[in-house]
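J.: Provided below are the primary sequence and the corresponding predicted coordinates.
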Amino acid sequence: MKKYLLFASFVLFTSFLFAQTPFPERLSERERAAVVDEILADRLDNLLPQLMRREGLDMWILISREYNEDPVMKTILPSTWLSARRRTIMVFFDRGGKEGIDKIAIARYSVGKLLKGEWDVDVYPDQWEALMSIIAARDPKKIGLNYSTDFALADGLVHSEYELFMEKLPPQLHNRVTSAQRLAIAWLETRSQKELEIYPMICHMGHRILQEGLSENTIHPGITTTDDVVWALRQKVRDYGFDTWFHPSVSIQRNEKGNQEFLRSFSRRPEQQIILPGDLLHVDFGISYLRLNTDQQQHFYVLKPGETEVPKGIQAAFKKGNRLQDILVNQFKKGKTGNQILADALAQAKSEGIEASIYTHPIGLHGHAAGPTIGMWDQQGGVKGKGDYPLFPNTAYSIELFAAAEIPEWGKPVRIMLEEDGVFTKDGFYFLDGRMTEILTIPRRK
């Protein structure tokens, strides 16, 4: 009860500040740890049984050695464990019905308060023998291990540990071993109710940092470079006590004859350019907080002397970007695969005359997270494997895409490259902290 009250107080307090002040309250390290552990306990107690039963696995085993952790195991470690210790083995066994799940650590000690340590070295000097005794006592029908061809995040069991496990497992049980790919993905992609309560606030924090970093307080046309803005964003993330899961980028599209920035790939973008009046800036940025991640792309326009608004052609192009977002998220339906969503959205965009590219990915406990991939920038015909995975409710996505349009004032096309985070539920899709619906100017105009 005490933990629940802490979480509830945190949500109510930050919700109040979210509405009343420019930036929500940030928790201390100790407070963050308490929230992380409460969310994790809730996920293990309430979410994991549902997922194991949905995927038909009654035993799930995770095995990792220190500093070479399975990506899934890292999401199950408590806040005070920053890595596995020696060899850490986690066993989850579904007893069925109301009996719930056994949460066991084959380790010399319990994993925090969440997994009970059950390795008595006096009885089983060898750790593998202790694991085999747990398996024998529970006699599972299926034993799920984290190996996968298509999903790296579900492929965390290293080859040497797999070989040792199979060597120790009695031969008559070998046919019960199966890939836990779908369960691993389900665990990573499904957001609990507690996570959904705090995720909008985290996305709001990301948006606020973006708007601070891409403003007249940071950018002085003719002096400031794109790299200056990138490092200013990195510094703001650190100053606010957050982390980031990738290095931000800032790029320019501008009205220059022969300028081919429209055709540049990410790898060929100049490291830094001086920002000038009349530039259309694009930023790609994300933060990590309370084990959840954001990924956001927005545009900002640098006003020229005498200008008071974004050129009409660029405004019209931006509206096409918003329309493409609508087209994509309206295709989200439970059970549709990422490839089906991609194909249907691109077909509708084409019918509306929008030159589009869609490269949307799941987000949550990782930036490029587990779940259905909905296109990649260089695979607009579908993505084998990851694109064939279906859509489930209570999963989060970075709606990432671009719409290209000719700008009459410039006599050339621009790409409106947008990315906003949202959640798909049984009631449909919604953006966690809204989305940019107009390009902000530098300096801002009221």
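T.: Received it, and whenever you're ready, just let me know what you need.
J.: what's the first-to-last distance across stretch 142-156?
T.: The straight-line separation of the ends of stretch 142-156 (CA to CA, to the nearest Å) is 19 Å.
J.: check contacts around the closest residue to Asp344 other than its chain neighbours.
T.: Spatial nearest neighbour of Asp344, chain neighbours left out: Gln331 (4.8 Å); criterion: CB to CB, 6 or more residues apart in numbering. To be clear about C-beta, it is placed using only N, CA and C from the backbone, and glycine gets the same treatment. Taking CB atoms under 8 Å, 6 or more residues apart in numbering, we find Gln331 in contact with Ile341, Asp344, Ala345, Gln348.
J.: Return the subset of those lying in helices.
T.: Ile341, Asp344, Ala345, Gln348 (DSSP state H).
J.: From the residues you listed, pick the one nearest Tyr397.
T.: The closest of the ones in helices among the contacts of Gln331 to Tyr397 turns out to be Ile341 (CB to CB; 10.0 Å).
J.: how many neighbours does that closest one have?
T.: Using other CB atoms under 10 Å, Ile341 is surrounded by 24 other residues.
J.: is it true that it touches Leu328?
T.: Yes - when contacts are counted by CB atoms under 8 Å, Ile341 is listed as touching Leu328 (7.3 Å).
J.: tell me, what's touching these two both at once?
T.: With CB under 8 Å, 6+ apart, Ile341 and Leu328 have common neighbours Ile374.
J.: can you give me the helices in the stretch 1-150 of the chain?
T.: 2-20, 29-42, 48-55, 71-76, 127-138 (DSSP state H, counting those that start in this stretch).
J.: what does the fourth one rub up against?
T.: Around helix 71-76, the neighbours that count as contacts under CB under 8 Å, 6+ apart are 40, 44, 62, 64, 84, 88, 90, 114-115, 146, 152-154, 156, 184, 187-188, 291, 365-366.
J.: Report the buried members of those.
T.: 40, 44, 62, 64, 84, 88, 90, 114-115, 146, 153-154, 156, 184, 187-188, 291, 365-366 (16 or more other CB atoms under 10 Å).
J.: Show me these that map onto strands.
T.: Judged by DSSP state E, the buried ones among the contacts of helix 71-76 include Leu62, Ser64, Thr88, Met90 as members of strands.
J.: wait, isn't the last one in contact with Val111?
T.: Yes - in this structure, Met90 sits in contact with Val111. The criterion is CB under 8 Å, and the distance is 7.1 Å.
J.: So for these two, which residues contact both of them?
T.: Ala105.
J.: If Arg65 is in a bridge, with which residues?
T.: Taking DSSP bridges as the rule, Arg65 bridges to Asn68, Arg87.
J.: the longest helix in the protein is where?
T.: Ordering each helix of the chain by length in residues (DSSP H) puts helix 193-213 first.
J.: so what's the most centrally placed residue in the chain up against?
T.: Taking CA atoms, centre = their mean, the centroid of the chain lies closest to Ile363, which sits 2.1 Å from it. Contact partners of Ile363, counting by CB under 8 Å, 6+ apart, are Asn293, Thr294, Asp295, Ala369, Ala396, Tyr397, Ser398, Asp421.
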